[in-house]
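**Q** Below are the sequence and a predicted model; questions follow.
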Amino acid sequence: MATPPVVLNVRTVFAEIDITVPDDWQINTKITAPLAEFKDLRRTRPTPNEAQNESDLTLTGFTTLAEVTLRN
């Protein structure tokens, strides 16, 4: 995958997606999810770094009747 910042556009209907990210990445979520579930199951989540103005990964898109899961 490209070096940060990365934008991943997610579009799902009747699906299940697992997204695996590095432990130290900041995630920004902008997914519209009617009738869907978004789970953040990362074991560790980095604390926001004030010096870092941008997220490492931005999730955008639309999902319905689906499940999107973040893991590390």
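**A** Alright, I've got the coordinates. Numbering: from 1, shown residues only.
**Q** residue ranges for the helices of this structure, please.
**A** With DSSP state H, there are no helices along the chain.
**Q** Pairing partners for the residue nearest to the spatial centre of it in the sheet, please.
**A** Taking C-alpha atoms, centre = their mean, the centroid of the chain lies closest to L59, which sits 4.7 Å from it. For L59, the beta-bridge partners are L8, T29 (DSSP bridges).
**Q** From what I see, it and T32 are in contact.
**A** No. Assessed by C-beta atoms under 8 Å, L59 is found out of contact with T32, at 10.8 Å. (Glycine included, C-beta is placed from N, CA and C.)
**Q** Next, the contact list for the residue nearest to the centre of the chain, please.
**A** L8, V10, I19, I27, N28, T29, K30, I31, V68 (C-beta atoms under 8 Å, 6 or more residues apart in numbering).
**Q** can you do 10 Å?
**A** Going by C-beta atoms under 10 Å, 6 or more residues apart in numbering, L59 touches 6-10, 19, 21, 27-31, 38, 68, 70.
**Q** Can you pull out the low-pLDDT segments for the chain?
**A** 1-2, 46, 48-53 (pLDDT under 70).
**Q** just to revisit the earlier point, anything in contact with each of L59 and T32?
**A** Counting by C-beta under 10 Å, 6+ apart, the residues touching both L59 and T32 are V10.
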